[in-house]
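Chemist: Pasting the sequence and the predicted coordinates here, then a few questions.
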Amino acid sequence: MSLRISTNEVLDTLKINFNNEELWAVNVILAVIMFGVALGIKIEDFKRLFVHPKIVIIGIVSQFILFPFLTFLLVTIMNPYPSIALGMIMVAACPGGNISNFATHLAGGNTALSVSLTAFATLVAIVMTPLNLAIWGGFYEPTAKILRSVALDPFVLIKLVSLILGVPLILGMLIRHYKPIIADKFSKVLRPLSILMLLAFIGGAFYENWSIFMEYVHYVLIVVLALNFTGYFSGFYFSKLMGLSFKDQKTLAIETGIQNSGLGLLLCFAFFEGLGGMALCLAFWSVWDIASGLCLAYFWSKKTTKVVA
């Protein structure tokens, strides 16, 4: 794997080039991740949400409307390099990451709600991820120029997201429904394995250019931290404003603050040719949001009284 990056180039023109085999590997890893998530999803998880429609609406609004909007405001305030700004918008457009279920359980949140929202958000993301990327990326002129330069077709994007998310989701749920014992066995292996696969891929992608990554990482460090904490705070306080319990507030905070950047990386390589600032933002997010999510969950797990975040 080789990253063809020149330190003499402006950040927005950096390209992380992958050959067809490496891009195929990204597809496989993400499909495995989604398949592992789907093995733990039951039909009842969707039914549970419709029994409590208020939570569905709050969760979807928090993840796919409020967080992308706040990200857009953050972009306009911080004014990062356009490619980094597009990476931020891509993060906000993605559904929640599968590590959120484990983090919610550790935090003493509503694990059943977390699993249900992950399932529903993954399904909704087939349409909402491409739309949010096109809408919010189009509103901000520097990122709109990038979108125009690649002639991004939202329908092609929806088609790819449907294949990557939809097919593994349906296949995993079918196995879960008809062969639950097999699903349990595979799920125990695939969940941790898929996370390790993603981290290994990211690590391998930047290994050969570690010095260059360190040279540019400060451009994404602050924006990723700001974006991540915006997700946690917005999810927590929005659900609090909507009258949800503290247990559900923790759940919505984690669901909103941990995003599936693996999907974002795939779309970055598939449609934006590994645009440097965008890829750096997504790669750093991939590691940081897992670490921050687990730290936040551990903090909440040690609290015996209500914590005001």
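Modeler: Thanks, I have the structure now. Numbering: from 1, shown residues only.
Chemist: can you pull out the helices in the stretch 1-150 of the chain?
Modeler: Applying DSSP state H, counting those that start in this stretch to the stretch 1-150 of the chain gives helices spanning 20-38, 43-51, 53-61, 67-78, 82-93, 99-107, 111-139, 141-149.
Chemist: and those helices, which is most packed in?
Modeler: Stretch with highest mean neighbour count among the helices of the stretch 1-150 of the chain: helix 82-93 (a mean of 28; mean count of other Cβ atoms under 10 Å). (Glycine included, C-beta is placed from N, CA and C.)
Chemist: Show me what that one packs onto, helices and strands only.
Modeler: Contact analysis of helix 82-93 by 3 or more Cβ pairs under 8 Å, 6 or more residues apart in numbering; DSSP states H and E lists helix 67-78, helix 111-139, helix 141-149, helix 210-241, helix 261-271, helix 276-301 as its packing neighbours.
Chemist: doesn't T122 make contact with P95?
Modeler: Yes: with contact defined as Cβ atoms under 8 Å, P95 counts as touching T122 (5.1 Å).
Chemist: Quickly list what's touching both of these two.
Modeler: L165 (Cβ atoms under 8 Å, 6 or more residues apart in numbering).
Chemist: Make a markdown table out of the helices of the stretch 1-150 of the chain and add distance to N260 and mean pLDDT.
Modeler: Below are the helices of the stretch 1-150 of the chain laid out as a markdown table (distance: least, Cβ to Cβ, whole Å; pLDDT from 0 to 100):
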| stretch | distance to N260 | mean pLDDT |
| --- | --- | --- |
| helix 20-38 | 8 | 70 |
| helix 43-51 | 17 | 70 |
| helix 53-61 | 15 | 86 |
| helix 67-78 | 13 | 96 |
| helix 82-93 | 9 | 92 |
| helix 99-107 | 9 | 82 |
| helix 111-139 | 8 | 85 |
| helix 141-149 | 20 | 87 |
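Chemist: related to what we said a few turns ago, mind checking which of the helices and strands packed on helix 82-93 is nearest V37?
Modeler: Comparison of the helices and strands packed on helix 82-93 against V37 by Cβ to Cβ identifies helix 111-139 as nearest, at 6.5 Å.
Chemist: still on that earlier bit, go through the helices and strands packed on helix 82-93 and name the closest to L196.
Modeler: Using Cβ to Cβ, those put helix 276-301 closest to L196, at 11.2 Å.
Chemist: Flag every buried residue along the closest one.
Modeler: In terms of neighbour count (16 or more other Cβ atoms under 10 Å), helix 276-301 has its buried residues at 276-286, 288-290, 292-294, 296-297, 300.
Chemist: ok so, going back, so for F269, which of the helices of the stretch 1-150 of the chain sits nearest?
Modeler: Of the helices of the stretch 1-150 of the chain, the one closest to F269 (Cβ to Cβ) turns out to be helix 20-38, at 5.5 Å.
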